[in-house]
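In: Model the following, please.
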Amino acid sequence: MTRFARTLMAAGLGVSLLSMPALAQQVDPAIPEVADETPGSVDVEAFVAETLSAGTLSLRASELAVERAQNARVAEFAGLELREQVSVAQVLSATGEVNQEMGEAHAERFAALEAMAAGPEFDMAYVEAQIELHRELLGIQQTLSARTDPTVEVIVAKLSEQAITSHIAMLDWLREGLAEGAQQTAQ
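Out: Below is the predicted model of the structure:
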């Protein structure tokens with residue numbers, strides 16, 4: 001396993017998300033859940049729907065990248081991201097009936113990526129799409145991570161916020177490497 005893969009895995013949520021059901025079972029039932037009608041509260045259903053829509057785009061784009069990426073590090077990131085998004089979807093889906101389809105804007109972004117052929121342009125487009133998507137996901141997680149009620153959704157938001165921040169840094173690094181490679185090829 002490469003150093004890069006170990007770094008990505010350490011920053012990921014894999015182990016943390018697998019322990020989520022156990023954490024959820026340890027919640028003290030005497031602690032009341034914050035009602036959605038509380039001023040300043042966040043709609044948990046909207047949080048789950050937005051997370052799953054963006055996560056589904058990330059998952060589907062990563063499936064494409066696993067097949068099409070020519071840069072080994074981009075393909076490696078895509079594989080790790082794919083497994084992480086499957087885990088997040090499983091945890092959030094276990095909390096109730098949810099729609100795991102992409103919203104219209106996410107579907108359009110996926111269609112644009114899907115229309116691209118394999119090659120350096122695809123690699124860069126995937127990385128840039130993931131940066132944009134991770135920034136969106138970070139904003140979604142931050143809407144819930146400040147809450148103190150011990151629900152699965154809040155725990156997922158808190159864990160995801162840190163992992164997403166790490167992923168953005170890694171994706172920025174990947175983008176810089178791809179840009180340098182493109183400049184060297186052009187010379």
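In: Please count neighbours and contacts with C-alpha atoms only from this point.
Out: OK.
In: tell me, how many neighbours does residue 174 end up with?
Out: Neighbours of residue 174 under the rule other CA atoms under 10 Å: 20.
In: so how far is residue 133 from it?
Out: 15 Å (CA to CA, to the nearest Å).
In: Ok, residue 48 next?
Out: Looking at residue 48 against residue 133, where the rule is CA to CA, the gap reads 16 Å.
In: go on, residue 87?
Out: For residue 87, the distance to residue 133 - CA to CA - is 17 Å.
In: Just the terminal-to-terminal distance for stretch 66-79.
Out: 6 Å.
In: what residue lies at the spatial centre of this structure?
Out: When CA atoms, centre = their mean is applied to the chain, the residue found nearest the centroid is residue 55 (5.3 Å).
In: I'd assumed residue 85 was in contact with that residue.
Out: Yes: using CA atoms under 8 Å, residue 55 is in contact with residue 85, at 6.0 Å.
In: picking up where we left off before, what kind of secondary structure is the residue nearest to the centre of the chain in?
Out: Following DSSP: H, G, I helix; E, B strand; the rest coil, we place residue 55 in the helix state.
In: got a list of what it touches?
Out: 85, 89, 137 (CA atoms under 8 Å, 6 or more residues apart in numbering).
In: Could you export those residues as CSV, including pLDDT, distance to residue 124 and neighbour count?
Out: Shown next, in CSV, are the contacts of residue 55 (pLDDT from 0 to 100; distance: CA to CA, whole Å; neighbours: other CA atoms under 10 Å):
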residue, pLDDT, distance to residue 124, neighbour count
85, 88, 20, 23
89, 84, 26, 19
137, 93, 20, 24
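In: Among those residues, name the ones in helices.
Out: 85, 89, 137 (DSSP state H).
In: Next, count neighbours for the nearest residue to the second one once chain neighbours are set aside.
Out: Counting by CA to CA, 6 or more residues apart in numbering, the nearest residue to residue 89 once its immediate chain neighbours are dropped is residue 52, at 6.4 Å. Taking other CA under 10 Å as the neighbour definition, residue 52 ends up with a count of 26.
In: what helix or strand does residue 52 sit in?
Out: Assessed by DSSP states H and E, residue 52 sits inside helix 44-68.
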